[in-house]
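**Student:** Give me coordinates for this.
(one chain, ligands or ions: 1)
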Amino acid sequence: MTRQHPPSNLFYQNRQRRPMIGEARGIYIWDADGKRYIDGSSGAMVANLGHGNERVLAAMRAQMEKATFAYRLHFENEPAEKLAQMTAARMPPGVNKVFFVSGGSEAVESAIKLARQYAIAVGESSRWKIISRYPSYHGSTLGALALTGMDNMSAPFAQMLREMPKVPAPTCYLDHDDLSMDERGLRYAEMLRAEILAQGPETVLAFIMEPVGGASTGALVAPDSYYKRVSEICREFGILLILDEVMTGAGRTGRFLAAEHWGLQPDIIALSKGFAAGYAPLGAMVAHERLVEPVLAHGGFIHGYTYAGNPLACAAGVAVLDEIDRLALSQKAQDMGALLKAELIGLKARYPFIGDVRGKGLLLAFELVSDVETMTPLPKAMDTHIHLVEEAFSRGLILYSRRTRGGVEGDHFMVCPPLILTETQIGE
Ligand code: PLP
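**Tutor:** Numbers count the residues shown, from 1 in each chain. Below you'll find the model as predicted:
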């Protein structure tokens, strides 16, 4: 699709320019020419409440009239205080200390720094390695990028990144063996244990994972056995469990946290995206109180951002959490997710090139393959992930795709509309 755009001073990842946005309401976006799109991916899995929610806008307007900025070293602000309290109330027991940031990468960056400073504070300064999964996505700032398992994103910065150990993401659906899914899940969990032993447990600080994969693995859900065993392994070696719930949090998978599906007890949780649902740049790193107290007692948390706890962003966050409750959006994600997934499974039965449909709640994806039996990916040269997304876009449906899966490449497409989606809109 070629578009004529006037010269611009903006630049992004590439030269491609998109249509100018006009207005956005509910699950729909209109471009400046009046063409309507269904926001089938909530942007980048962000706009969970849909666009233009009047209650959130009103809360933001009210806060704007009071103060839009309060500098941390000069003032506390009520929206930050309230949002911290509301966030803590939605976390697992003890995970109640909230550090605000402006996005997902900053939340992960903050988790890395808190984990490390905790180890130092409790006399375990030999621990610094954070094991993550391959593939995975944890953000693009250099700290978060070191944990991200995507070679194309990290390669140019290799010398500037601290190399961190990776274990395979549990892509059990690609394995060809006689094992049950739970047995496969255990096998992937044991790879974490083996990596910890290989690294030397006394050097390992934490393990980080997306409880349900994001764009890196295409809504990958591991078998139940994986989550249980990974948690046991972290406990066995005194390794912190960090859950990157930047995409999965705030109701997207059918619970406020994806961790709740498996009763996970993480030490740190990273939140962003649906947490302010696109109404403001906001994220949070939420830590167990047991980590924060020693750090504060040991010279303080050496970390921070100018916009941390911004009153306007936090006022948006408070209103978003209120709306998630008022509209029972976690339940809606479960109900609408089940219907939408059933539709996708119906398509899979009809079209032999749909190899897999997966996900939880409204964090869904389908994967295209050239052979369903062997799950052989489509040839890379076809660039299907680009062409399909562009074709859908031209027909007014926004999808999200990245070409990665397990050790090999593949074409998966995220189907993640706003959680306010109705049954009629699924049909559309
Ligand atoms: N972590 C996960 C799981 C993500 O999906 C993302 C973004 O896609 C990030 C971290 C980084 O968030 P941001 O782009 O807001 O920095």
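
**Student:** Residues touching stretch 365-378, excluding its own?
**Tutor:** By C-beta atoms under 8 Å, 6 or more residues apart in numbering, the list of residues contacting stretch 365-378 from outside reads 173-174, 176, 218-219, 344, 347-348, 352-359, 379, 384, 388, 405, 408-415. C-beta coordinates here come from the backbone N, C-alpha and C atoms, glycine included.

**Student:** Mark which of these are buried, thanks.
**Tutor:** With burial judged by 16 or more other C-beta atoms under 10 Å, the buried subset of the contacts of stretch 365-378 is 173-174, 218-219, 344, 348, 354-359, 384, 388, 405, 410-415.

**Student:** In strands only, show me the residues you listed.
**Tutor:** 354-359, 411-415 (DSSP state E).

**Student:** Identify, from these, the entry nearest to Cys314.
**Tutor:** Met414 (28.1 Å; C-beta to C-beta).

**Student:** what separates that closest one from the ligand, distance-wise?
**Tutor:** 10 Å (C-beta to the nearest ligand atom, to the nearest Å).

**Student:** If I follow the layout properly, that residue ends up in contact with Ala219?
**Tutor:** Yes. Judged on C-beta atoms under 8 Å, Met414 makes contact with Ala219 at a distance of 6.5 Å.

**Student:** Common neighbours of those two, please.
**Tutor:** Going by C-beta under 8 Å, 6+ apart, residues that sit against Met414 and also against Ala219 are 363-365.

**Student:** quick one: which of the residues you listed is most hemmed in?
**Tutor:** Among the shared contacts of Met414 and Ala219, Leu363 has the most neighbours (other C-beta atoms under 10 Å), with 29 neighbours.

**Student:** contacting residues around that residue?
**Tutor:** Going by C-beta under 8 Å, 6+ apart, Leu363 touches 45, 212, 214, 219, 247-248, 252-253, 337, 414, 416.

**Student:** Can you check which strand is longest in this protein?
**Tutor:** The chain, longest strand under DSSP E: strand 363-371.

**Student:** Any idea how far that one is from the middle of the chain?
**Tutor:** 19 Å (C-alpha atoms, centre = their mean, to the nearest Å).

**Student:** Just after that strand, pick out the following helix or strand.
**Tutor:** strand 376-377 (DSSP states H and E).

**Student:** Okay, helices next: where are they in the stretch 201-350 of the chain?
**Tutor:** 224-236, 289-297, 311-326, 329-350 (DSSP state H, counting those that start in this stretch).

**Student:** do you know which of those lies nearest Leu264?
**Tutor:** Across the helices of the stretch 201-350 of the chain, closest to Leu264 is helix 224-236 (C-beta to C-beta), at 6.0 Å.

**Student:** For Ala315, see how far away the residue in the chain positioned nearest to the ligand is.
**Tutor:** Residue nearest to the ligand within the chain: Gly104 (2.2 Å; C-beta to the nearest ligand atom). Separation of Gly104 from Ala315 (C-beta to C-beta, to the nearest Å) stands at 20 Å.

**Student:** One more: Ala47?
**Tutor:** Counting by C-beta to C-beta, the gap from Ala47 to Ala315 is 18 Å.

**Student:** same question, Thr68
**Tutor:** 9 Å.

**Student:** Please tell me I have it right and Leu339 contacts Glu423.
**Tutor:** Yes. Under the criterion of C-beta under 8 Å, Leu339 makes contact with Glu423 at 6.2 Å.

**Student:** Could you list the residues of the stretch 201-350 of the chain in contact with the ligand?
**Tutor:** Residues of the stretch 201-350 of the chain found near the ligand, taking C-beta under 6 Å from any ligand atom as the criterion, are 210, 214, 244, 246-247, 272.

**Student:** any weak-confidence spans in this protein?
**Tutor:** 1-4, 405-408 (pLDDT under 70).

**Student:** number of nearby residues for Gly249?
**Tutor:** Neighbours of Gly249 (other C-beta under 10 Å): 32.

**Student:** For the residue nearest to the spatial centre of the chain, which non-adjacent residue is spatially closest?
**Tutor:** By C-alpha atoms, centre = their mean, the mean C-alpha position of the chain lies nearest to Met247, the distance being 2.3 Å. Using C-beta to C-beta, 6 or more residues apart in numbering and skipping the chain neighbours, the partner closest in space to Met247 is Gly214 (4.2 Å).

**Student:** Between Thr68 and Ala315, which has more neighbouring residues?
**Tutor:** Ala315 (29 against 13).
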